[in-house]
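Engineer: Next comes the sequence, and after it the predicted model I'd like to discuss.
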Amino acid sequence: MSEQQHSTVSVLALNPSVDISYEIPQLLEYQKVRARQTWYHPGGNGINVARALAELEIPVHCCSIVGGESGALFLRLLGDTLGDRHTWFGVPGETRLNTTILQHSPPGQYEITSVGPTIPADVLAEISRCFLQMAGDGIAVLTGLLPPGVPDTSYRDLAERIRTQGGKVVVDAYGPVLEQALEAQPYLVRLNRYVLELTIKRRLESTHAVAKAARGIQQRGTGCLCISLGPDGAILVDADNSYHCNAPKVHKQSTVGCGDALVAGLIAAARRGATTAEILRFGVTCGSATASHPGTELFTRGELGDTEAQELQITVLDV
């Protein structure tokens, strides 16, 4: 999977969000619960990947959709994180508001995801042109929930065009959108165990079973397939081997954004020319460091060294 290049990584964020996270003692039916703390972050999968890449000092350009008053709040929260590397397109309606509830007793995390505004056909065509131009022959990231007005074939169509340009596509999706995108034989696909189980329509009870199922999808033409396993780390399957990396011990606060941080870490390490095992280790480091933050607050470069210092064991799996 290793590759060395210096072009900008392009990220498509068709459905960004304002992520609101509440820390509460306990949810009580029909009773008002006072939050101990509240956080507001710019979110959505594509935005999180772009923010993480920027934190890793990887040249990145993000194309996104913004709508209404909540869209204005989203832009304020994003601030100068991406600077002039962010091109956004306005639409009627409101940028979605996503909610995460972090409960203390018993420990639990609850998430509510909004649908997002409808994207008119002319705006979809415009942002697609921008994204394709920015992607060129570099790495292009297609991730996140598609908003109304965007066909399930969109990621596949864009992936095919980027491949024609000589670029490499990274996909993080599920359901019909994922099935369509796999037909374009992407460079890298990231799923979690639950999405993998939905895709193959059966439960996977062991790490070996997950790796075997991932191998089956990878052999359909995907360059590499990464399966995140939460506290059990992640698996990365390429054409030659299947690798498992355990997760470091962290004080988990929120899992929101961990998969996006993992994707950014994989891309950053691949661009440095790392081996597949090193790529997986760095991706797990970024995802795990993010879990130690509340809300959709991502890792910082400064804390990655502490996380990497822990023993992250890479195991080659026989599948």
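Structural biologist: On my side now, so go ahead. Numbers count the residues shown, from 1 in each chain.

Engineer: Tell me which stretches of the stretch 101-250 of the chain form helices.
Structural biologist: Counting by DSSP state H, counting those that start in this stretch, one finds helices in the stretch 101-250 of the chain at the ranges 121-135, 154-165, 175-182, 193-200, 207-218.

Engineer: Now mean neighbour count and distance to Gly265 too, for these, in TSV please.
Structural biologist: (C-beta placed from N, C-alpha, C; glycine too.) Below are the helices of the stretch 101-250 of the chain laid out as TSV (neighbours: other Cβ atoms under 10 Å; distance: least, Cβ to Cβ, whole Å):
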stretch	mean neighbour count	distance to Gly265
helix 121-135	17	20
helix 154-165	19	21
helix 175-182	18	21
helix 193-200	17	18
helix 207-218	20	18
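
Engineer: I'd like to know which of those lies nearest to Pro106.
Structural biologist: helix 193-200 (21.0 Å; Cβ to Cβ).

Engineer: quick check: angle from the closest one to helix 175-182?
Structural biologist: Using axes from the mean of the first three to the mean of the last three Cα atoms, to 10 degrees, the direction of helix 193-200 lies 80 degrees away from that of helix 175-182.

Engineer: before we move on, back to that, figure out which of the helices of the stretch 101-250 of the chain is closest to Asp318.
Structural biologist: It is, among those and with distance given as Cβ to Cβ, helix 207-218, at 8.2 Å.

Engineer: That closest one - what's its average pLDDT?
Structural biologist: In this model, helix 207-218 has a mean pLDDT of 95.

Engineer: and it, how far out from the chain's middle?
Structural biologist: When C-alpha coordinates are averaged (Cα atoms, centre = their mean, to the nearest Å), helix 207-218 and its chain have centres 20 Å apart.

Engineer: Just want the most central residue of this structure.
Structural biologist: Geometric centre of the chain, nearest residue: Asp260, 2.7 Å, by Cα atoms, centre = their mean.

Engineer: Can you tell me the SS state at that residue?
Structural biologist: Here Asp260 is helix, with the state taken from DSSP: H, G, I helix; E, B strand; the rest coil.

Engineer: what's the closest non-adjacent residue to it?
Structural biologist: Asn48 (3.5 Å; Cβ to Cβ, 6 or more residues apart in numbering).

Engineer: Now render the helices of the stretch 101-250 of the chain as a markdown table, adding distance to Gln26.
Structural biologist: Converted to a markdown table, the helices of the stretch 101-250 of the chain look like this (distance: least, Cβ to Cβ, whole Å):
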| stretch | distance to Gln26 |
| --- | --- |
| helix 121-135 | 42 |
| helix 154-165 | 39 |
| helix 175-182 | 33 |
| helix 193-200 | 25 |
| helix 207-218 | 33 |
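
Engineer: And these: which comes nearest Val256?
Structural biologist: Closest to Val256 of these is helix 193-200 (Cβ to Cβ; 15.0 Å).

Engineer: What values do phi and psi take at Ile119?
Structural biologist: The phi/psi pair for Ile119 (degrees, to the nearest 10) reads phi -100, psi 110.

Engineer: helix or strand for the residue nearest to Asp260, which one?
Structural biologist: Using DSSP states H and E, Asn48 maps to helix 45-55.

Engineer: Mind exporting the C-alpha coordinates of that helix to PDB?
Structural biologist: Extracted C-alpha coordinates of helix 45-55, given in PDB (Å, rounded to 0.1, in the frame of the first residue of the first chain):
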ATOM      1  CA  ASN A  45     -17.000  12.500   8.200                       C
ATOM      2  CA  GLY A  46     -15.400  14.500   5.400                       C
ATOM      3  CA  ILE A  47     -14.800  17.500   7.600                       C
ATOM      4  CA  ASN A  48     -13.300  15.300  10.300                       C
ATOM      5  CA  VAL A  49     -10.900  13.700   7.800                       C
ATOM      6  CA  ALA A  50      -9.800  17.100   6.500                       C
ATOM      7  CA  ARG A  51      -9.300  18.500  10.000                       C
ATOM      8  CA  ALA A  52      -7.200  15.400  11.000                       C
ATOM      9  CA  LEU A  53      -5.100  15.700   7.800                       C
ATOM     10  CA  ALA A  54      -4.500  19.300   8.500                       C
ATOM     11  CA  GLU A  55      -3.400  18.500  12.000                       C
END
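
Engineer: same for the helix or strand following that helix, what does it pack against?
Structural biologist: Next in sequence after helix 45-55, counting helices and strands by DSSP H and E, comes strand 60-67. When contacts are defined as 3 or more Cβ pairs under 8 Å, 6 or more residues apart in numbering; DSSP states H and E, strand 60-67 sits against strand 9-13, helix 45-55, helix 68-78, strand 86-91, helix 121-135.
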